[in-house]
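J.: coords below, sequence missing:
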């Protein structure tokens, strides 16, 4: 291989390394995720307690059916519909 070809290959590799260094220096790291904490009211805490209790029972219970239905309505956004 001729000396000119070696210089050209070395220059190409050096240029590629320089381009990678510039791109990685200019690349901004992703912003950290922001967690929004919504304070729960006492009614929501009571519903969560009911749902936790209803998960463990095996017999049908009307209060558990009502709690699960309220949770379904809240999840699907049907609470605020007219």
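T.: Right, received. Where do you want to start? Owing to the predicted nature of the structure, the values given are computational and were not obtained by experimental measurement.
J.: Return the helix or strand in the chain with minimum mean pLDDT.
T.: Ranking every helix and strand in the chain by mean pLDDT, DSSP states H and E puts helix 42-56 at the bottom, with a mean of 80.
J.: For that one, name the packing helices and strands.
T.: In terms of contacts (3 or more C-beta pairs under 8 Å, 6 or more residues apart in numbering; DSSP states H and E), helix 42-56 is packed against helix 62-75. C-beta here means a position set from N, CA and C on the backbone, and glycine is covered the same way.
J.: what helices or strands is the helix it packs on leaning on?
T.: Against helix 62-75 (3+ C-beta pairs under 8 Å, 6+ apart) you get helix 42-56.
J.: got the buried residues for the helix it packs on?
T.: Within helix 42-56, the residues that count as buried by 16 or more other C-beta atoms under 10 Å are 47, 50, 54.
J.: out of the residues you listed, who's nearest residue 28?
T.: Nearest to residue 28 out of those is residue 47 (C-beta to C-beta; 42.1 Å).
J.: Residue 67: what's it in contact with?
T.: Neighbouring residues of residue 67 by C-beta atoms under 8 Å, 6 or more residues apart in numbering: 47, 50-51, 54.
J.: same thing but 6 Å
T.: 50-51, 54 (C-beta atoms under 6 Å, 6 or more residues apart in numbering).
J.: Among those, which one lies nearest to residue 6?
T.: Once C-beta to C-beta is applied, the member of those that ends up nearest residue 6 is residue 51, at 72.6 Å.
J.: max-length helix in the chain?
T.: helix 3-26 (DSSP state H).
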